[in-house]
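Sequence first, then the predicted structure:
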Protein chains: 2
Amino acid sequence: MIKVILLGSGNVATHLFQAFSKANGVEVVKVFSRTVSKDFPETLQTSDYKEIKAADVYIICVSDSAISSVSSQLSFENRLVVHTSGSTDINVLDSKNRKGVFYPLQTFTKNKSVDFSQIPICIETEVPSDFEIIEKLAKSVSNSVYLINSNQRKALHVSAVFVCNFTNHLYTIGNTICEENNIPFEILQPLIEETAEKIKSLLPNEAQTGPAVRNDQKTIEKHIDFLTNENQKEIYKILTKSIQNGEKL
Amino acid sequence: MIKVILLGSGNVATHLFQAFSKANGVEVVKVFSRTVSKDFPETLQTSDYKEIKAADVYIICVSDSAISSVSSQLSFENRLVVHTSGSTDINVLDSKNRKGVFYPLQTFTKNKSVDFSQIPICIETEVPSDFEIIEKLAKSVSNSVYLINSNQRKALHVSAVFVCNFTNHLYTIGNTICEENNIPFEILQPLIEETAEKIKSLLPNEAQTGPAVRNDQKTIEKHIDFLTNENQKEIYKILTKSIQNGEKL
């Protein structure tokens, strides 16, 4: 049985707690939370660092800027302490404990359940002998576990911003244009899903369609004329140019 | 039985032919193609405008710039002629025939089959009495049919460029960054799918996550420093700014 203590009570901690609760061979023995949270059994919660007892893995699930300080306040030494951040180096963790990373690559929204088994977990450990336990922990909740070092994780996090956060913003722009023209946004949902689905079998640059890639300057100009919002116009132009230049510049 | 003649032999014509072939109450009686295409039965094909005989609906599936000229070359009058273009006004069609639009909103790739029943079809007719037949034709292949006028269709097409073509380009950038760092791009696939899936239950601006929306300037700066490609840097900055400004400017 791998004994786990979660430090933090936000989205990531909540989803991890739910996943570990269903997993075999893992037990969450404590959740450190500054305030009492409804998302965890009350008996498991503590806000006192002294009550953080023995466990095999301590998982810090707090905002990136707080990771270092939380890891420093732990009152024990030479145990395995990991963080869950995509954009934070492993060395941000205090050196008095053995360091590791347990980064589930997904966009978590409170109250929206996710199928953890499909979420890639990127793991890294400072000490090679810790790798086995972190891998076992990751495999207890997910079918896809990757060894990713801190440099690679940084790259992955930037990529995730492009394919998830920025993509969602393009959906917002599409939604705004639809609303302004009394078009139900749901019309675009099958197209959005097919676009995401297509790149399972094609490389994204092979899957590229639309006026930019076929150099259809007439349609591009019609679209730019159509847009009245200067911000949307600017985004349209820069992404069109990037597609036409083959993403170079 | 609705008799249909397809004019054109590209992606849209091929997918429409396959869908109509499986549909009840529709028969494709001729396919006009300048060169013989393997995608249609040889006996149905012609490259001679004079061989285009009687039908209930003529569907022009050619590039946007050729629609007008193809519609002018038809040697008959007062029949129902529609185009399939998202970005083209209904009035581009020659006035000697009754005009209409039959626009399937999807990204078609040759050799990649699509489930036509899930594809929204946006229809428009010049003469109200033609609406019934076009609606019947659309419903024979799709479960989602929308009445969309030329102005709305223009807006929809611009939206589709944002949510499909530009989104795919962001996938390309993500893929490039992964390749440069020896990360398998497949790690990002579940995130990409969840991002597309999420907006079925949330509005896109409610679903926004990431450093830009939480004003995490430290992470944003780390990401901009990480990127070495000036084009990627520029796209990162402009989309971050757009998220932070709530898409206004």
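It's in. Numbers count the residues shown, from 1 in each chain, chains lettered A, B, ... in the order given.

quick one, phi/psi of A:Val114?
Summarising the backbone geometry of A:Val114 under the convention degrees, to the nearest 10, its torsions are phi -130, psi 150.

which residues sit in contact with it?
By Cβ atoms under 8 Å, 6 or more residues apart in numbering or on different chains, the contact set of A:Val114 is A:15, A:106, A:108, B:194. Every C-beta, even on glycine, is put in place using the N, C-alpha and C of the backbone.

Show me which of these is closest to B:Leu227.
Taking Cβ to Cβ as the measure, A:Gln106 is the one of those closest to B:Leu227, at 22.7 Å.

so how far is B:Leu170 from that closest one?
17 Å (Cβ to Cβ, to the nearest Å).

A:Tyr146 now?
From A:Tyr146 across to B:Leu170, the span is 22 Å (Cβ to Cβ).

A:Asn24: what's it in contact with?
Contact analysis of A:Asn24 by Cβ under 8 Å, 6+ apart lists A:Ser140.

pretty sure it belongs to a helix, no?
No. Residue state for A:Asn24 (DSSP: H, G, I helix; E, B strand; the rest coil) corresponds to coil; a helix is not indicated.

Break chain A down into its domains, please.
A:2-148, A:153-244 (automatic domain parsing).

so which of those is the most packed in?
Between the domains of chain A, the one whose residues have the most neighbours on average, counting mean count of other Cβ atoms under 10 Å in any protein chain shown, is domain A:153-244 (a mean of 20).

low pLDDT regions in chain A?
Low-confidence regions of chain A, defined here as pLDDT under 70, cover residues A:247-249.

Let me see the ranges of the strands in it.
Along chain A, the stretches classed as strands by DSSP state E are A:2-7, A:26-32, A:45-46, A:57-60, A:80-83, A:98-104, A:121-125, A:145-147.

Take those strands and lay them out in CSV including distance to chain B.
As requested, the strands of chain A are exported to CSV (distance: least, Cβ to the nearest Cβ, whole Å):
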stretch, distance to chain B
strand A:2-7, 20
strand A:26-32, 21
strand A:45-46, 25
strand A:57-60, 17
strand A:80-83, 14
strand A:98-104, 10
strand A:121-125, 7
strand A:145-147, 6
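
Apart from its chain neighbours, what residue comes closest to A:Ile134?
Sequence neighbours aside, A:Ile123 is the residue nearest to A:Ile134 in space, at 4.9 Å (criterion: Cβ to Cβ, 6 or more residues apart in numbering or on different chains).

Which residues are in contact with A:Phe131?
A:123, A:125, A:147.

Format those as a markdown table; extra columns: distance to B:Phe102.
Rendered in a markdown table, the data for the contacts of A:Phe131 read as follows (distance: Cβ to Cβ, whole Å):
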| residue | distance to B:Phe102 |
| --- | --- |
| A:Ile123 | 51 |
| A:Thr125 | 58 |
| A:Leu147 | 51 |
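
Helices of chain A, start to end?
With DSSP state H, the ranges of helices along chain A come out as A:11-22, A:67-73, A:131-141, A:150-160, A:167-180, A:189-198, A:204-207, A:217-226, A:230-244.

From the chain's centroid, how far away is stretch A:43-52?
A distance of 27 Å separates the C-alpha centroid of stretch A:43-52 from that of its chain, computed with Cα atoms, centre = their mean, to the nearest Å.

correction: stretch A:222-239
30 Å.

And for stretch A:151-171?
With Cα atoms, centre = their mean as the basis, the mean position of stretch A:151-171 lies at 9 Å from the chain mean.

And for the most far-flung residue of chain A relative to its centre, nearest residue in space, chain neighbours not counted?
Going by Cα atoms, centre = their mean, the residue of chain A most distant from its centre is A:Lys218, 39.1 Å out. For A:Lys218, the nearest residue in space outside its immediate sequence neighbours is B:Ser65; the separation is 6.8 Å by Cβ to Cβ, 6+ apart.

Over to A:Val127?
Leaving aside its sequence neighbours, A:Val127 sits nearest to A:Arg98 (Cβ to Cβ, 6+ apart; 5.2 Å).

Contacts only, for the one you found.
For A:Arg98, the contact set (Cβ under 8 Å, 6+ apart) comprises A:78-81, A:125-127, A:130.

what's the most distant pair in those?
A:Asn78 and A:Thr125 (13.8 Å).
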